[in-house]
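S.K.: quick one: sequence plus predicted model below, questions after.
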Amino acid sequence: MKIHFIAIGGSAMHNLAIALEKMGHSISGSDDEIFEPSRTRLAERGLLPPSMGWFPEKLDQKPDSVILGMHARADNPELKRARDLGIRIYSYPEFLYEHSRGKKRVVIGGSHGKTTITAILLHVLKYCRIDTDYMVGAQLRGFDVMVKLSEDAGVMVLEGDEYLTSAIDRRPKFHIYRPHLALISGIAWDHINVFPTWEGYVEEFESFVNLIEPGGTLIYCSEDQEVLRIVKKNGDDLKKVPYGLPDHRIESGTSHLLNGSHAHPLKVFGKHNLMNIEGARMLSRELGVKDHQFYDAIGSFPGADNRLELVASNYETAVYRDFAHSPSKLKATVDAVKEQFPDRQLVSCMELHTFSSLSKNFLDHYKGTLDGADIPVVYYNPHTLELKHLPRLAREQVKKAFGNKDLKVYTDSEKLKKDLKAMNWKNKNLLLMSSGNFNNISLKDLLSDITEQNY
C-alpha cells in the first residue's frame, strides 16, 4: 500500500511510519517542524521529508490512505486535498484499530502509570517469547521502535491515551480501540484545555469501560476511589479483577517484590511503580503468563525512558528524571525517591510546562505536592505561556499555589542551571520532573558538573 502521513514527525506518528515501512508499505509524509529524535530516525529509514511544510500536490499521487496526526490542524491544506480526492483518512488510533481487528486487543488506560505498565507488560511478554504487536508512548530499552505491527501476532498491546484523536475527531484516543482486556491505573484530572471540568474528564473513563468488548476483562487499581466508583457503576457484563500495592521491602537501596518466602530484587522503585508492576502481573495472567514466569522476568525490567530514570550517579549523589507533571504523579515521584533514599537530602526540580500546569485555575491542585522534598524548586518559561496563549504568571502566585514557604521559583533556565551546579551535592539526590526540557538545558553539562564534584 501507499500511505501518506500528515504530520509525520510526531512521537507516535513517526514510529508508526517506520513500522509500516518495515512491513513493506510505501511511505511518504509531511510536517512543518520535525525535532529529534524523530528527525534522525526518519532520515535513517529514508522517510524524512526533503522540505518542511505542507504540499497538497503530494496527494495527487493518490495514496491508498492518509494517516492524520494530532499536530495537523483542521484546515491543513494536505488534509483538504485528501478529502477533495476522496482518499481514505485515518487518525493513527483508527489505523491501529483497523490493523488489530483480528487480534486480542489489550489497552492500558489511566491518568498516570499507563506507559510504565505497558512497558512492563511488553518486557514480560518478550521474556516469555509471546509475540505481540504494540504501541507505547515512550522509547523502551530493548525495543527498536515504539510501534510494532505484524500479520502473525495474535495480541495487540496499546497504551490508551485519553487525549483527543485528531483535529477532526474529538474522541479520546482510548475510545477507538475497543479492548478485550483493559486496565485503568488511576484517575487524576488532567488536560483541562480539553476537559475543563473534573466531571467531564471522569466521564471519558466511564465511556472507556463501556467500550470494552462484551464479555471482556477489566483490571483496575482498587486503591483509587474514583476508579472503584466507576467500576462498580459500569461494565456489568465484564470480568473485573482488582489490584493494589503488593508485598515488598526496601533493602540497601533496592526494592524487593515479595512472593511468599521469595524476595525478587527490582531495578525500579516507588509505591506507584510497585502498583504498576502488580497491574502488569494481572494483565500477564490473562494472557497466559504464569506467576513464576512473571517474577523471573520482572527483575530485569529497566524502566521506561524518562520514568524515574537514573541518568547519573556517584557514591554521594543520584540524579533521576521523570515525565511527572500532574499533581498526583509529582507527589508520588517525590515520595518514592525520598523513601528509597531516606538518609539523603532530595532536591526536587519541577517544570511547569503543560497547559494544565500553567493555568491559574489549575495551579492550586499542586498544593503540598513538593512537601516531601528537602529543597523544592519550580521552573517555568514565560515564553511558554505566550505560546499557549495563557496570561502571565507571577512567581508569588506559583509559590502560593504550591503552599511551600521553602519553594524556590525560577523563570530563567540558565540561572537555574548555574544554581544547581553551584550546590554542594554531597549526600543529596536530584530529581528533574517535566514533560518538557527546562528550555533546552544541557543535561549532559549539568550532570557532569554534579557527579564530578569534589566534596
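M.R.: Looks like it came in fine. Numbering: from 1, shown residues only.

S.K.: quick one: D237 and G215 touch, right?
M.R.: Yes: assessed by C-beta atoms under 8 Å, D237 is found in contact with G215 at 6.3 Å. Backbone N, C-alpha and C define where each C-beta goes, glycine included.

S.K.: now do the helices in the stretch 1-150 of the chain.
M.R.: For the stretch 1-150 of the chain, the helices defined by DSSP state H, counting those that start in this stretch cover 11-22, 38-44, 77-84, 92-99, 114-127.

S.K.: hey, which of the ones you listed is tucked in deepest?
M.R.: Per residue and on average, the most neighbours among the helices of the stretch 1-150 of the chain fall to helix 114-127, with a mean of 25 (mean count of other C-beta atoms under 10 Å).

S.K.: off-centre distance for it?
M.R.: 13 Å (C-alpha atoms, centre = their mean, to the nearest Å).

S.K.: contacts for it?
M.R.: With C-beta atoms under 8 Å, 6 or more residues apart in numbering as the test, helix 114-127 has contacts from 106, 108, 110, 132, 134, 136-138, 140, 142-143, 155, 157-161, 183, 185, 273, 276-277, 279-280, 283-284, 287, 289, 293-294, 296-298, 300-301, 303-304, 307, 323.

S.K.: give me that answer again for 7 Å
M.R.: 108, 132, 134, 136-138, 140, 143, 157, 159-160, 183, 185, 273, 276-277, 279-280, 283-284, 289, 294, 297-298, 301, 304, 307 (C-beta atoms under 7 Å, 6 or more residues apart in numbering).

S.K.: just the element for K421, please.
M.R.: helix 413-422 (DSSP states H and E).

S.K.: the longest strand in this structure is where?
M.R.: For the chain, the longest strand by residue count, based on DSSP state E, is strand 345-352.

S.K.: show me what that strand is packed against.
M.R.: helix 327-340, strand 375-380, strand 428-433 (3 or more C-beta pairs under 7 Å, 6 or more residues apart in numbering; DSSP states H and E).

S.K.: export these to JSON lines and tack on distance to L416, mean pLDDT and mean neighbour count?
M.R.: Formatted as JSON lines, those follow (distance: least, C-beta to C-beta, whole Å; pLDDT from 0 to 100; neighbours: other C-beta atoms under 10 Å):
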{"stretch": "helix 327-340", "distance to L416": "17", "mean pLDDT": "93", "mean neighbour count": "21"}
{"stretch": "strand 375-380", "distance to L416": "5", "mean pLDDT": "97", "mean neighbour count": "23"}
{"stretch": "strand 428-433", "distance to L416": "10", "mean pLDDT": "96", "mean neighbour count": "24"}
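
S.K.: can these go into TSV with extra columns for distance to E203?
M.R.: As requested, those are exported to TSV (distance: least, C-beta to C-beta, whole Å):
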stretch	distance to E203
helix 327-340	19
strand 375-380	30
strand 428-433	29
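
S.K.: return the set of buried residues in stretch 143-158.
M.R.: Across stretch 143-158, burial judged by 16 or more other C-beta atoms under 10 Å covers 143, 145-149, 153, 155-158.

S.K.: would you convert the residues you listed into a markdown table that also reports pLDDT and distance to S51?
M.R.: Below are these laid out as a markdown table (pLDDT from 0 to 100; distance: C-beta to C-beta, whole Å):
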| residue | pLDDT | distance to S51 |
| --- | --- | --- |
| F143 | 81 | 31 |
| V145 | 80 | 25 |
| M146 | 89 | 26 |
| V147 | 93 | 25 |
| K148 | 94 | 30 |
| L149 | 95 | 28 |
| A153 | 96 | 36 |
| V155 | 98 | 39 |
| M156 | 98 | 35 |
| V157 | 98 | 36 |
| L158 | 98 | 33 |
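
S.K.: nearest to P265 among the residues you listed?
M.R.: F143 (22.8 Å; C-beta to C-beta).

S.K.: list the residues that contact that closest one.
M.R.: Contacts of F143 (C-beta under 7 Å, 6+ apart): L122.

S.K.: over to the one 3 residues further on?
M.R.: Taking C-beta under 7 Å, 6+ apart as the definition of contact, the neighbours of M146 are 12, 15, 135-136, 138-139.

S.K.: just M282 next, same as before
M.R.: 219, 241, 243.

S.K.: thinking the last one is in contact with A280, fair?
M.R.: Read that as Y243. No: contact between Y243 and A280 fails when scored by C-beta atoms under 7 Å: they sit 9.2 Å apart.

S.K.: and the strands in the stretch 151-300 of the chain?
M.R.: 155-160, 164-166, 169-172, 181-184, 217-221, 239-243, 248-251, 254-259, 262-265 (DSSP state E, counting those that start in this stretch).

S.K.: what's the closest of these to S91?
M.R.: strand 164-166 (4.1 Å).

S.K.: how far off centre is the closest one?
M.R.: Distance of strand 164-166 from its chain centroid, counting by C-alpha atoms, centre = their mean, is 16 Å.

S.K.: what packs against it?
M.R.: strand 169-172.

S.K.: ok, and for the strand it packs on, which residues are buried?
M.R.: Within strand 169-172, judged by 16+ other C-beta under 10 Å, the buried ones are 169, 172.

S.K.: next: stretch 217-236.
M.R.: 217-221, 224, 226-227, 230-231, 234-235.

S.K.: what residue ranges in the protein are flagged as low confidence?
M.R.: Along the chain, the parts satisfying pLDDT under 70 run over 454-455.

S.K.: could you rerun that using 50?
M.R.: Scanning the chain for pLDDT under 50 picks out no residues.

S.K.: and the residue nearest the centre of it?
M.R.: Centroid check for the chain by C-alpha atoms, centre = their mean gives T115 as the closest residue, at 4.7 Å.
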